[in-house]
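K.L.:
Structure of the sequence below:
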Amino acid sequence: MSQCCPTIYEAILSNCEQCLTSETTPYILQDDIPPLQFAVQNNPKCVKHLSRFARIQSSRGWTGLMQAVDDQNLTAVRFLAPLECNLQNDWGFTAQMMCCYSGYIAGLKILVQFEDCSLKDNTGLNSLLQAAKNGYLDCYHLIQDTLIQQNTQQTTHQQRAINFKPQRTSNNEDDFGKTARFYGSFYENGLKNEGENVKDAFGNVSEFYSGGEQTDLFGRTGIQYLGLVNGQVEVELW
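P.N.:
You can find the predicted model right below:
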């Protein structure tokens, strides 16, 4: 049977199932966009025909799975997660980290089943640190619970706060000397609620976490970060 589409990209745009499924359809990287990324952007329904192009990355390291997370296309995330898990782009981001950066909890619920939570980006942040730093409590606790399931049998909220000791992640520091606990303590007990007093909120944190006066390499303390995420205290970053 003759080929009707000159490249896989035309097959994606025209939704030509014959050429989408054919191993002989020509593939030449177009505009630095891998076929799966292109499909997620332009015709997500055809992604299911293109698994043979899995794990092809752009020059910046982007994949179809990363594009699916960026577009919050849950169907594509579900299909691509087992095919393209644990790949990192030029910033060191995995698809899971992207979920934690943007608060995409639906995608994260899938990706925690496939991607390694201990991988770090180029600044030393792993998924747990990303979720905590960006203030996504639901993402933070999902990663935390995943690690707890891997390392402990304790599951209640207070046990998480007091006894959380996953071996691979909780004590890891990023390049600024901060741990997930350092970031994540600010989001326990709804600390981002408007109108909450910063001093009182930080006092609540200290009930769960020790080392409240811990500083990073720039001398910043937890109270300063709490002010930053709540917008209630002016702090010079650098």
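
K.L.:
Look at the nearest residue to residue 115 once chain neighbours are set aside and tell me its secondary structure.
P.N.:
Spatial nearest neighbour of residue 115, excluding adjacent residues (Cβ to Cβ, 6 or more residues apart in numbering): residue 96 at 4.2 Å. For glycine as for every other residue, the C-beta is placed from the backbone atoms N, C-alpha and C. The assignment at residue 96 comes out as helix when based on DSSP: H, G, I helix; E, B strand; the rest coil.

K.L.:
residues touching residue 7, list them.
P.N.:
Going by Cβ atoms under 8 Å, 6 or more residues apart in numbering, residue 7 touches 25, 26, 27, 28, 30.

K.L.:
and with 7 Å instead?
P.N.:
Applying Cβ atoms under 7 Å, 6 or more residues apart in numbering to residue 7 gives the contacts 26, 27, 28, 30.

K.L.:
ok, and the most crowded of those?
P.N.:
The most crowded member of these, judged by other Cβ atoms under 10 Å, is residue 27 (16 neighbours).

K.L.:
For residue 16, see how far away the residue nearest to residue 115 is.
P.N.:
Relative to residue 16, residue 96 is positioned 33 Å away (Cβ to Cβ, to the nearest Å).

K.L.:
Please apply the same query to residue 86.
P.N.:
The value you get for residue 86 to residue 16, if Cβ to Cβ is used, is 32 Å.

K.L.:
my read: the residue nearest to residue 115 touches residue 126, true?
P.N.:
No - when contacts are counted by Cβ atoms under 7 Å, residue 96 is not listed as touching residue 126 (9.1 Å).

K.L.:
Could you check which of the two is surrounded by more residues?
P.N.:
More crowded of residue 96 and residue 126, by other Cβ under 10 Å: residue 96, with 30 against 24.

K.L.:
which residues of this protein fall in helices?
P.N.:
8-14, 17-21, 35-42, 64-71, 74-84, 95-102, 105-111, 127-133, 137-151, 157-163, 180-184, 198-208, 222-230 (DSSP state H).

K.L.:
Redo those helices as JSON lines? Include distance to residue 58 and mean pLDDT.
P.N.:
Formatted as JSON lines, those follow (distance: least, Cβ to Cβ, whole Å; pLDDT from 0 to 100):
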{"stretch": "helix 8-14", "distance to residue 58": "14", "mean pLDDT": "97"}
{"stretch": "helix 17-21", "distance to residue 58": "20", "mean pLDDT": "95"}
{"stretch": "helix 35-42", "distance to residue 58": "7", "mean pLDDT": "98"}
{"stretch": "helix 64-71", "distance to residue 58": "9", "mean pLDDT": "98"}
{"stretch": "helix 74-84", "distance to residue 58": "12", "mean pLDDT": "98"}
{"stretch": "helix 95-102", "distance to residue 58": "14", "mean pLDDT": "97"}
{"stretch": "helix 105-111", "distance to residue 58": "20", "mean pLDDT": "98"}
{"stretch": "helix 127-133", "distance to residue 58": "21", "mean pLDDT": "86"}
{"stretch": "helix 137-151", "distance to residue 58": "25", "mean pLDDT": "85"}
{"stretch": "helix 157-163", "distance to residue 58": "38", "mean pLDDT": "45"}
{"stretch": "helix 180-184", "distance to residue 58": "30", "mean pLDDT": "63"}
{"stretch": "helix 198-208", "distance to residue 58": "41", "mean pLDDT": "37"}
{"stretch": "helix 222-230", "distance to residue 58": "32", "mean pLDDT": "47"}
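
K.L.:
looking at these, which is buried most?
P.N.:
Highest mean neighbour count among the helices of the chain (mean count of other Cβ atoms under 10 Å): helix 127-133, with a mean of 29.
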